[in-house]
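Colleague: Okay, structure incoming, though there's no sequence with it:
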């Protein structure tokens, strides 16, 4: 696929940058400061949908003709509660303890915007099942991997994913924070 647009990935996530690079399309990555608060009544996939669009709105005024901005947001959803990024070890421990032995959902929203065109947003969902985790396993993971920049306090591509992820229905890359199959499909229509 050849791009006739300059692609800008609005993300500081190294995982998103790595996955975007895997599509073999040139892009520039930028960091966007956006308010990530959302209305309390939002549930599940509506939360990252809202935040992904807020990130796009925060950068939209800087877009020039011929540029395509891509923003994304990922959350972990467990028993009707959103698990974002933990602020400290205690919060990371509580999240992983809650995920232990259960199935949760990972929602990622990706927003595409071009100057003068309507925003488009896609949302992907993956069901992830975790084995029972011991306290020692949880503490080891937090101490060694410091998962404070990850929704739900874990990265599926890390040690915890190796030992705890017993089942998955949906995209693995969505759980990493960027459903590249949906990004590619959307880009095919735009480029």
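Modeller: Perfect, I can see it now. What you are looking at is a predicted structure, and each value in this text was computed from that prediction instead of being measured.

Colleague: Could you say which helix or strand holds the residue lying closest to residue 148 once chain neighbours are set aside?
Modeller: In this structure, residue 148 finds its nearest non-sequential neighbour in residue 86, 5.7 Å apart by CB to CB, 6 or more residues apart in numbering. All C-beta atoms are positioned from the backbone trio N, CA, C, and that covers glycine. Mapping residue 86 onto the secondary structure by DSSP states H and E places it in no helix or strand at all.

Colleague: I'd say residue 115 and residue 65 touch.
Modeller: Yes - Residue 115 sits in contact with residue 65 when judged by CB atoms under 8 Å, with a separation of 5.6 Å.

Colleague: These two: which has the busier surroundings?
Modeller: Counting neighbours by other CB atoms under 10 Å for residue 115 and for residue 65 shows that residue 115 has the greater number, 14 against 9.

Colleague: residue contacts, the residue nearest to residue 148?
Modeller: Applying CB atoms under 8 Å, 6 or more residues apart in numbering, one finds that residue 86 lies in contact with 92, 94-95, 147-148, 153.

Colleague: Which strands or helices does the helix ranked longest in the chain pack on?
Modeller: Looking only at the chain and at elements set by DSSP state H, the helix with the highest residue count is helix 46-60. Counting contacts by 3 or more CB pairs under 8 Å, 6 or more residues apart in numbering; DSSP states H and E, helix 46-60 is packed against strand 6-10, strand 67-78, strand 103-114, strand 120-130.

Colleague: Mind putting the ones you listed into JSON lines with mean pLDDT and mean neighbour count?
Modeller: JSON lines is the format used below for the helices and strands packed on helix 46-60 (pLDDT from 0 to 100; neighbours: other CB atoms under 10 Å):
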{"stretch": "strand 6-10", "mean pLDDT": "96", "mean neighbour count": "21"}
{"stretch": "strand 67-78", "mean pLDDT": "97", "mean neighbour count": "24"}
{"stretch": "strand 103-114", "mean pLDDT": "97", "mean neighbour count": "23"}
{"stretch": "strand 120-130", "mean pLDDT": "98", "mean neighbour count": "19"}
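
Colleague: Dump those strands to TSV, plus distance to residue 39.
Modeller: Converted to TSV, those look like this (distance: least, CB to CB, whole Å):
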stretch	distance to residue 39
strand 6-10	22
strand 67-78	14
strand 103-114	15
strand 120-130	16
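
Colleague: Pretty sure residue 139 sits against residue 93.
Modeller: Yes - taking CB under 8 Å as the definition, residue 139 is a contact partner of residue 93 at 7.2 Å.

Colleague: low pLDDT regions in the protein?
Modeller: Flagging of the chain using pLDDT under 70 yields the residue ranges 1-3.

Colleague: can you do 80?
Modeller: Per-residue confidence of the chain (counting by pLDDT under 80) places the weak regions at 1-3, 191.

Colleague: can you count the residues close to the residue nearest to residue 12 when sequence neighbours are not counted?
Modeller: Leaving aside its chain neighbours, residue 12 sits nearest to residue 31 (4.6 Å; criterion: CB to CB, 6+ apart). When counting by other CB under 10 Å, one arrives at 9 neighbours for residue 31.
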